[in-house]
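Student: sequence-free structure coming up:
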């Protein structure tokens, strides 16, 4: 699959015409729905300064559930269709103003009968504006490659994104980073300043 390089900052995104168009569409939707003001931080009480202060709670499917979904679909040779809900986070109704990270807005659909899938898409589109992405190829950091023998799932793009973030694109690869069976003593070094960067 072709790697898509996403900009890492607003300045980078603002230099690319397609990204400027996408940002303008998002801003237009925010203004149209009058949902661009916010004051409260959702689940802010669960954040620990220095650990996950900039992380956000996002109620998405657990990876174990996604893997089970993909395994069942693959074992039955079901095709998996993917949708994107346009501005999914704007469809909820709140009494107050809330700061929050936009939720995942991707949807996977599969089943025993392909004839029902267009009906499901039409129904969902009547509730929310959706974009039909055809067959699922990339979902929650998983790359999906379909073949007549089943499905191949990788995280190559996600791995490359992590390497880019850590400035390790030229690092040498090894089958395992440490010798098998290594025993660790009590830690004696300094604590990592950002402990979750390698998790």
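Tutor: Sure thing, it's come through. Only a predicted model underlies this, so the values are computations on that prediction, with no experimental measurement involved.
Student: and the next helix or strand past the helix or strand where residue 70 lies?
Tutor: Here residue 70 sits within helix 63-75, counting by DSSP states H and E. Per DSSP H and E, the first helix or strand lying C-terminal to helix 63-75 is strand 81-85.
Student: in this protein, which residue is most central in space?
Tutor: residue 140 (4.0 Å; C-alpha atoms, centre = their mean).
Student: packing partners of the helix or strand harbouring residue 22?
Tutor: Under the criterion of DSSP H and E, residue 22 resides in helix 17-32. Packed against helix 17-32 by the contact rule (3 or more C-beta pairs under 8 Å, 6 or more residues apart in numbering; DSSP states H and E) you find helix 10-13. C-beta coordinates here come from the backbone N, C-alpha and C atoms, glycine included.
Student: just give the nearest non-adjacent residue to residue 86, would you?
Tutor: Using C-beta to C-beta, 6 or more residues apart in numbering and skipping the chain neighbours, the partner closest in space to residue 86 is residue 129 (4.2 Å).
Student: now the one you found: how far from residue 146?
Tutor: Distance from residue 129 to residue 146, counting by C-beta to C-beta, to the nearest Å: 27 Å.
Student: again with residue 77
Tutor: From residue 77 over to residue 146 the distance is 10 Å, taken as C-beta to C-beta.
Student: cool, residue 196 as well?
Tutor: For residue 196, the distance to residue 146 equals 33 Å [C-beta to C-beta].
Student: between the two, which one's more packed in?
Tutor: Taking other C-beta atoms under 10 Å, residue 196 and residue 146 do not tie; residue 146 has more neighbours (16 against 9).
Student: so the more buried one makes contact with residue 134?
Tutor: No: Residue 146 lies out of contact with residue 134 (C-beta atoms under 8 Å); the separation is 11.3 Å.
Student: what about residue 21, neighbour count?
Tutor: Neighbours of residue 21 (other C-beta under 10 Å): 10.
Student: what's the first-to-last distance across stretch 67-82?
Tutor: For stretch 67-82, the first-to-last residue distance is 15 Å (C-alpha to C-alpha, to the nearest Å).
Student: buried stuff in it?
Tutor: Neighbour-count burial for stretch 67-82, counted by 16 or more other C-beta atoms under 10 Å, picks out 70, 73, 74, 78, 80, 81, 82.
Student: out of the residues you listed, flag the one nearest to residue 25.
Tutor: Ranked by distance to residue 25 (C-beta to C-beta), the buried residues of stretch 67-82 are led by residue 82 at 19.5 Å.
Student: next up, the contacts around that closest one.
Tutor: 106, 107, 108, 109, 133, 134, 135, 136, 137, 139 (C-beta atoms under 8 Å, 6 or more residues apart in numbering).
Student: mind doing that once more with 6 Å?
Tutor: Counting by C-beta atoms under 6 Å, 6 or more residues apart in numbering, residue 82 makes contact with 108, 133, 136.
Student: for residue 81, which non-adjacent residue is spatially closest?
Tutor: Leaving out its chain neighbours, the residue that sits closest to residue 81 by C-beta to C-beta, 6+ apart is residue 109, at 4.6 Å.
Student: quick one: contacts for that neighbour?
Tutor: Applying C-beta under 6 Å, 6+ apart to residue 109 gives the contacts 81, 117, 120.
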